[in-house]
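>>> Mind folding the following:
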Amino acid sequence: MALNRREFLRLMALAGAAGLAGRGTAKSLDDRLYDASFKGSVRLLHITDSHAQLQPIYFREPNVNIGLGAARGRPPHLVGEHLLTHFGLEPNSLIQHALTHLDFTAAARRYGKVGGFAHLATLIAALRDGAGKDKSLLLDGGDTWQGSWTALQSRGQDMVAASNLLGVDVMTGHWEFTYKDAEILANIERSNCEFLCQNVRVTEDAQFDGAPVYDESSGRAFKPYTIKVVAGGHRIAIIGQAFPYTPIANPSRFIPNWTFGIEEEALSALVAQVRRKEKPDAVILLSHNGMDVDLKLASRVAGIDVILGGHTHDGMPGAIPVQNSGGKTLVTNAGSNGKFVGVMDLELLPGRVTGYHYRLLPVFANLLPADPAMQAHIDNVRAPYRAALGRELAHTESLLYRRGNLNGTFDQVICDALLAVNNAEIALSPGFRWGTSVLPDSPILFENVTDQTCITYPETYVRDMSGADLKLILEDVADNLFNLDPYRQQGGDMVRVGGIRYTMDPGAEIGQRIQNLQTLDGKLVSADKTFRVAGWATVGSESAGAPIWDQVSEYLSNKKVVNVSALNAPRLVNVENNPGVS
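As a prediction, this is how the structure comes out:
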């Protein structure tokens with residue numbers, strides 16, 4: 001490292017004196033933003049859902065993250081002022097900008113970009129140094145190998161190398177499984193970390209045909225847990241939990257030999273086995289379930305001390321204690337896009353956790369010098385594609401973003417492109433939660449488009465679809481998002497639409513949430529009428545159309561200037577005073 005701990009803390013103190021660091025009043029945040037002081041026996045550093053964003057980016061947090069039933073008014077379903085109030089955070093501060101959508105454009109221009117693996121590496125090194133030698137572990141919750149052009153072209157290898165430089169000790173996965181199974185296994189071999197998944201199994205037919213299996217008796221495809229011994233002799237058990245619905249949310253054709261699930265009973269048995277056999281001082285679940293699933297799981301599975309969660313991209317500045325039959329489990333979630341590092345310092349005695357100190361640290365590129373070795377790697381992997389990524393397609397007068405339960409402005413650009421290029425009446429675009437933001441009065445580069453569209457199944461389609469089928473699709477996605485049972489949620493956001501509008505009651509029964517489905521000129525979408533529909537990212541068989549980034553690039557090049565003056569989002573009803581809506 002070019003920056004030692006003393007120099008790092010001096011720089012952070014200067015940043016605070018300059019008014020850049022902000023001061024939160026919550027106990028979960030230190031007065032000094034990047035204070036690396038250690039309070040415990042072991043330090044767990046948690047990153048998740050970086051989505052291959054090696055470079056610093058802009059990323060707007062959601063203004064709609066609706067919680068219903070028991071989830072109403074509870075993290076993570078708090079946005080804007082509601083989130084600040086709940087955690088006692090200072091408004092109009094750097095912390096507000098990190099955690100909310102409020103005054104996003106002005107704050108982004110003031111504080112600069114977030115994330116970037118070279119800046120993340122500097123922070124991680126200082127936090128590890130602050131804990132003392134051999135007392136820290138770096139855990140990656142997955143969605144690391146997908147989300148950028150260089151990751152797609154290298155099939156995730158650029159991110160494996162970056163993670164090796166970062167010093168990741170353990171990871172689990174989700175979008176990692178959207179590469180082919182042979183590519184996944186090869187990347188795991190290239191990785192210096194342990195890839196853990198207790199809930200992924202090899203089918204019996206595949207085992208019979210000789211498919212690789214970690215443990216034949218259980219059928220587990222990967223190592224389910226590991227024991228890490230840190231300085232002082234403390235034994236830390238880490239269990240991996242991959243995204244349970246991978247073959248439903250993503251193409252199963254890439255991973256035909258593997259099955260997924262929440263596997264609550266198997267997890268409970270594994271925790272008991274690990275407690276009995278390994279005698280750990282702490283049991284950690286490194287999860288990609290999504291936060292609502294983790295909160296339910298924590299209430300039903302005893303013996304887990306901490307769940308470090310991912311998938312739903314929730315930047316939570318505090319750990320949530322959940323009561324269960326064995327005591328309490330702390331549940332956290334560390335945001336996305338390399339924007340945050342979760343810091344969990346645990347106080348330990350033999351066989352138990354006696355206390356904790358948790359902070360969620362935002363990664364501001366302007367406040368953290370770039371690590372030279374990581375920056376050299378980033379420059380190297382981007383070099384062959386720099387000209388293509390920097391190609392200017394259009395200019396935006398509007399803020400372009402994706403994140404949120406409903407439509408985002410960049411999603412609308414994608415839908416508009418599908419309509420225009422395919423001469424379609426209706427467009428459908430997946431409710432992905434990854435995708436960076438572009439500030440107003442900025443060029444839209446090809447890289448900005450790939451940040452929204454870089455997947456291994458980007459093909460577009462055009463097909464005839466009845467009004468009944470359209471309503472069925474919208475109802476199905478809405479139930480996935482708003483079902484009161486977290487185990488029936490899959491963590492995506494509402495499908496984005498073009499050419500139609502509708503009213504949505506999130507709390508209604510399935511089949512009743514979507515109302516007043518109309519074309520943009522006010523005509524009702526009748527069940528028996530057929531429409532020409534364009535879309536992309538089919539989970540079933542591969543479509544025949546051009547990659548979505550080609551169609552969006554074509555549209556933007558013809559458009560020249562983008563101005564999203566009115567967002568084509570559904571009209572919400574019966575969510576008055578819901579703190580998940582700002």
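
>>> Show me the chain divided up by domain.
According to automatic domain parsing, the chain comprises the domains 5-57+113-379, 390-572.

>>> Please convert these to CSV, extending it with mean neighbour count.
Bear in mind the C-beta positions are built from the backbone N, C-alpha and C, glycine included. Shown next, in CSV, are the domains of the chain (neighbours: other Cβ atoms under 10 Å):
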stretch, mean neighbour count
domain 5-57+113-379, 21
domain 390-572, 19
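
>>> Adding mean pLDDT, write the ones you listed out as a markdown table.
Below are the domains of the chain laid out as a markdown table (pLDDT from 0 to 100):
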| stretch | mean pLDDT |
| --- | --- |
| domain 5-57+113-379 | 92 |
| domain 390-572 | 96 |
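
>>> Now distance to Leu89 too, for those, in a markdown table please.
Shown next, in a markdown table, are the domains of the chain (distance: least, Cβ to Cβ, whole Å):
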| stretch | distance to Leu89 |
| --- | --- |
| domain 5-57+113-379 | 5 |
| domain 390-572 | 19 |
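
>>> Of those, which is nearest His101?
Among the domains of the chain, domain 390-572 comes nearest to His101, with 8.2 Å by Cβ to Cβ.

>>> Determine the number of other residues adjacent to Glu81.
Residues near Glu81, counting by other Cβ atoms under 10 Å, number 14.

>>> Where do the strands of the stretch 251-400 of the chain begin and end?
Assigned by DSSP state E, counting those that start in this stretch, the stretch 251-400 of the chain shows strands spanning 258-260, 282-287, 306-309, 320-324, 327-333, 340-349, 352-362, 392-396.

>>> TSV for the ones you listed, including distance to Pro506?
Shown next, in TSV, are the strands of the stretch 251-400 of the chain (distance: least, Cβ to Cβ, whole Å):
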stretch	distance to Pro506
strand 258-260	26
strand 282-287	25
strand 306-309	22
strand 320-324	22
strand 327-333	21
strand 340-349	27
strand 352-362	27
strand 392-396	30
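
>>> Between the ones you listed, which one is closest to Thr144.
When the strands of the stretch 251-400 of the chain are compared by Cβ to Cβ, strand 282-287 sits nearest Thr144, at 12.4 Å.

>>> and the closest one, what does it pack onto?
Strand 282-287 sits against strand 234-241, helix 264-278, helix 291-300, strand 306-309, with contacts defined as 3 or more Cβ pairs under 8 Å, 6 or more residues apart in numbering; DSSP states H and E.

>>> on that earlier part again, between the domains of the chain, which one is closest to Thr85.
Using Cβ to Cβ, those put domain 5-57+113-379 closest to Thr85, at 10.8 Å.

>>> just how off-centre is that closest one within its chain?
Its chain's C-alpha centre and that of domain 5-57+113-379 lie 12 Å apart, by Cα atoms, centre = their mean, to the nearest Å.

>>> now Pro384: how far from Ser154?
10 Å (Cβ to Cβ, to the nearest Å).

>>> how would you label Pro62: helix, strand or coil?
Following DSSP: H, G, I helix; E, B strand; the rest coil, Pro62 is assigned to coil.

>>> does the residue nearest to it when sequence neighbours are not counted belong to a helix or a strand, and which?
Setting aside the residues directly before and after it, Pro62 is nearest to Gly404 in space (Cβ to Cβ, 6 or more residues apart in numbering), at 3.9 Å. In the assignment (DSSP states H and E), Gly404 maps to no helix and no strand.

>>> so Gly404 touches Phe104, yeah?
No - applying Cβ atoms under 8 Å as the test, Gly404 and Phe104 come out as separate, 11.9 Å apart.

>>> The domains of the chain: which one's closest to Ile95?
domain 5-57+113-379 (4.7 Å).

>>> Which among the helices and strands packed on strand 282-287 is found nearest to Leu68?
helix 291-300 (10.3 Å).

>>> helices and strands around the closest one, which ones?
helix 264-278, strand 282-287, strand 306-309, strand 320-324, strand 327-333.

>>> which residues does Ile510 contact?
Glu475, Ala478, Asp479, Asn483 (Cβ atoms under 8 Å, 6 or more residues apart in numbering).

>>> mind giving me CSV with the residues you listed and columns for secondary structure?
Converted to CSV, the contacts of Ile510 look like this (three-state DSSP):
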residue, secondary structure
Glu475, helix
Ala478, helix
Asp479, helix
Asn483, coil
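
>>> any idea whether Leu89 is helix, strand or coil?
Per three-state DSSP, Leu89 ends up coil.

>>> quick one: pLDDT of it?
Predicted confidence (pLDDT) for Leu89: 94.

>>> Would you mind confirming that it makes contact with Ile95?
Yes - in this structure Leu89 lies within contact range of Ile95 using Cβ under 8 Å: 5.2 Å.

>>> if we can go back for a sec, would you tell me which of the helices and strands packed on strand 282-287 gets closest to Val573?
Ranking the helices and strands packed on strand 282-287 by their distance to Val573 (criterion: Cβ to Cβ) puts helix 291-300 first, at 22.3 Å.

>>> For the closest one, which outside residues touch it?
The contact list for helix 291-300, computed with Cβ under 8 Å, 6+ apart, reads 71, 75-76, 244, 262, 264, 267-268, 285, 287, 289, 304, 307, 309, 311-312, 314, 316, 320, 322-324, 329, 331, 333, 485-487, 489, 491.

>>> go again using 7 Å as the cut-off
Contacts to helix 291-300, defined as Cβ atoms under 7 Å, 6 or more residues apart in numbering, come from residues 71, 76, 262, 264, 287, 289, 304, 307, 309, 312, 314, 320, 322-324, 329, 331, 333, 486-487, 489.

>>> Same question for stretch 116-134.
1, 3, 5, 8, 34, 36-38, 43, 45, 54-56, 136, 138, 162, 165-167, 230-231, 338, 341, 343, 361, 363, 365, 368-371, 374-375, 378.

>>> any idea how far Leu367 lies from Arg501?
Distance from Leu367 to Arg501, by Cβ to Cβ: 42 Å.

>>> Could you do Glu542 as well?
For Glu542 relative to Arg501 (Cβ to Cβ), the value is 31 Å.
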